[in-house]
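1. got a structure for you, letters missing:
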């Protein structure tokens, strides 16, 4: 059986063909990477836009919450004042009843 002899030129041509395939593969990979980077940048832009909207909504909710709590505090202050007045009235009520019915404390 005759064996094919490999010459330096044959090996050089094989190496060149392999190099060309590797370069083509590299170019494809670089193209895919560039596309993925573009997609990532787009997704980041969308995310940042949504984050900005969420931040605005959160700030609005905080303002509303602060306003509501301020109103509640004002209402509670009014209720406290009423309760204190009622407490004073109730504390003085027994004496007022005694005076009204003419009860005189014994000495």
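-> Good, I have the coordinates. What you see is a predicted model, and the numbers here were worked out from it, not measured in a lab.

2. so how far is stretch 49-59 from its chain's centroid?
-> Taking C-alpha atoms, centre = their mean, to the nearest Å, one finds stretch 49-59 lying 8 Å from the centre of the chain it belongs to.

3. Centre of the chain to stretch 41-48, how far?
-> 16 Å.

4. Same check on stretch 35-45?
-> Using C-alpha atoms, centre = their mean, the offset of stretch 35-45 from its chain centre is 22 Å.

5. How about stretch 34-54?
-> For stretch 34-54, the distance to the chain centre is 16 Å (C-alpha atoms, centre = their mean).

6. ditto for stretch 9-23
-> 55 Å.

7. now do stretch 85-93
-> Distance, centroid of stretch 85-93 to centroid of chain: 50 Å (C-alpha atoms, centre = their mean).

8. Show the low-confidence segments of this protein, by residue range.
-> For the chain, the stretches with pLDDT under 70 are 1-4, 107.

9. gap between residue 37 and residue 31?
-> 11 Å (C-beta to C-beta, to the nearest Å). C-beta coordinates here come from the backbone N, C-alpha and C atoms, glycine included.

10. my bad, residue 43
-> 19 Å.

11. now do residue 76
-> With C-beta to C-beta as the criterion, residue 76 and residue 31 are 66 Å apart.

12. now residue 18
-> In terms of C-beta to C-beta, residue 18 sits 20 Å off from residue 31.
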